[in-house]
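K.L.:
need coordinates for the below:
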Amino acid sequence: MQITTEDLRRIERLHMRAWPAFETADIHGWLWRYSGGGSQRANSVSTVDFAGADRATALDEVEARYRARNATVRLHTYDLSAPAGIADLLQGRGYGTGETTLTMAKAVGVTTPSADVEVAATPNAQWLEVYLGAISESRRSVNARTLGAVPQPCSYFSCRRAGQVISTGLCVADGDFAVVECMATRAEARREGGADAVLRSLEAWAAERGVRILALQAVATNTAAIPLYTRFGFTSVATNRFWEN
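P.N.:
Reported below is the predicted structural model:
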């Protein structure tokens, strides 16, 4: 699959939109985000675009906004972050690298949705139980609230076995691109194919809407998820890093 630089920027912008923060500000083209709680993405600066003349001045404003909220100063970079040289600027100010994630993408093909996967416009109680149960306690209340602000078109996917939801997923589309969020599986139901079933149904949903490229972001050290996504046809197209001070 050929991913152009503009494709990659569209993927990053859609990931940014798909998980909205409660407070945002445009800082010379960077998107400053704050939600509180433990979510890194919703409490970091997206560096996809930059329209300023002085990156150091922009970083000064970023730092002032987070410190006014007694929050960690955090920036989110990737292979095409703008302007060039952000990593050098951050390292020079004493920032350390936090979590690293991989942006993975695949061309959408023809697939048959799984019979045991339900598709809904909103998450049901068991969907929430599985997804929120799979993330850290510090992220639960914020992420539950964020789900209410996810932009349309989107759908929530639940793989149900023996009357119980065992795996979840969320897909958010924008034209011919879509991103996957909130993949989770009950601990006692792992390796039962629930995530595979969700991904098949999610891709079928995307194909019906004319989506050309499906993407997701996975923690680079997640040795369970990345092989699953690779088997499903996703390939790594960018590296994302969180920088903290």
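K.L.:
partner strands of the helix or strand hosting residue 178 and their direction?
P.N.:
Secondary structure from DSSP states H and E places residue 178 in strand 177-185. Taking DSSP bridges as the criterion, strand 177-185 pairs within the sheet with strand 164-174 (antiparallel), strand 213-219 (parallel).
K.L.:
helix or strand right after that strand?
P.N.:
Later in the chain than strand 177-185, the nearest helix or strand by DSSP H and E is helix 194-208.
K.L.:
would you map out the domains in the chain?
P.N.:
5-101, 109-211 (automatic domain parsing).
K.L.:
so which of those domains comes closest to residue 241?
P.N.:
Closest approach to residue 241 among the domains of the chain is made by domain 5-101 (5.3 Å; C-beta to C-beta). For the C-beta atoms, the positions are set from N, CA and C on the backbone; glycine is no exception.
K.L.:
now the end-to-end length of the closest one.
P.N.:
18 Å (C-alpha to C-alpha, to the nearest Å).
K.L.:
do stretch 63-80 as well
P.N.:
Terminal-residue distance, stretch 63-80 (C-alpha to C-alpha): 22 Å.
K.L.:
okay, the domains of the chain in CSV with distance to residue 234 and mean neighbour count next?
P.N.:
Listed next are the domains of the chain as CSV, based on distance: least, C-beta to C-beta, whole Å; neighbours: other C-beta atoms under 10 Å:
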stretch, distance to residue 234, mean neighbour count
domain 5-101, 12, 17
domain 109-211, 9, 18
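K.L.:
quick check: residue 112 touching residue 204?
P.N.:
Yes - Residue 112 lies in contact with residue 204 (C-beta atoms under 8 Å); the separation is 6.6 Å.
K.L.:
may I have the helix or strand harbouring residue 31 as PDB, with CA atoms only?
P.N.:
Taking DSSP H and E as the definition, residue 31 sits inside strand 30-34. C-alpha atoms of strand 30-34 as PDB (Å, rounded to 0.1, in the frame of the first residue of the first chain):
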ATOM      1  CA  TRP A  30      -0.400  23.600  16.700                       C
ATOM      2  CA  LEU A  31      -3.500  22.300  18.500                       C
ATOM      3  CA  TRP A  32      -3.200  22.600  22.200                       C
ATOM      4  CA  ARG A  33      -5.500  20.100  24.000                       C
ATOM      5  CA  TYR A  34      -6.500  19.700  27.700                       C
END
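K.L.:
tell me the mean pLDDT for that strand?
P.N.:
In this model, strand 30-34 has a mean pLDDT of 98.
K.L.:
what's it packed up against?
P.N.:
strand 23-27, strand 45-46, helix 55-68 (3 or more C-beta pairs under 8 Å, 6 or more residues apart in numbering; DSSP states H and E).
K.L.:
just so I know, which of these lies nearest residue 108?
P.N.:
With C-beta to C-beta as the criterion, residue 108 lies closest to strand 45-46 of the helices and strands packed on strand 30-34, at 24.7 Å.
K.L.:
pull up the pairing partners for that closest one, direction included.
P.N.:
Strand pairing (DSSP bridges) places strand 45-46 next to strand 30-34 (antiparallel), strand 74-77 (parallel).
K.L.:
circling back to that earlier point, can you put the strands paired with strand 177-185 in a markdown table and add mean pLDDT and distance to residue 32?
P.N.:
Output for those, formatted as a markdown table (pLDDT from 0 to 100; distance: least, C-beta to C-beta, whole Å):
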| stretch | mean pLDDT | distance to residue 32 |
| --- | --- | --- |
| strand 164-174 | 98 | 21 |
| strand 213-219 | 98 | 20 |
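K.L.:
please name whichever of those strands is nearest to residue 73.
P.N.:
strand 213-219 (21.2 Å).
K.L.:
pull the residues that contact the closest one.
P.N.:
For strand 213-219, the external contacting residues (C-beta atoms under 8 Å, 6 or more residues apart in numbering) are 1, 3, 7, 11, 14-15, 99-108, 171, 176-181, 183, 202-203, 206, 225-226, 229, 234, 237, 240.
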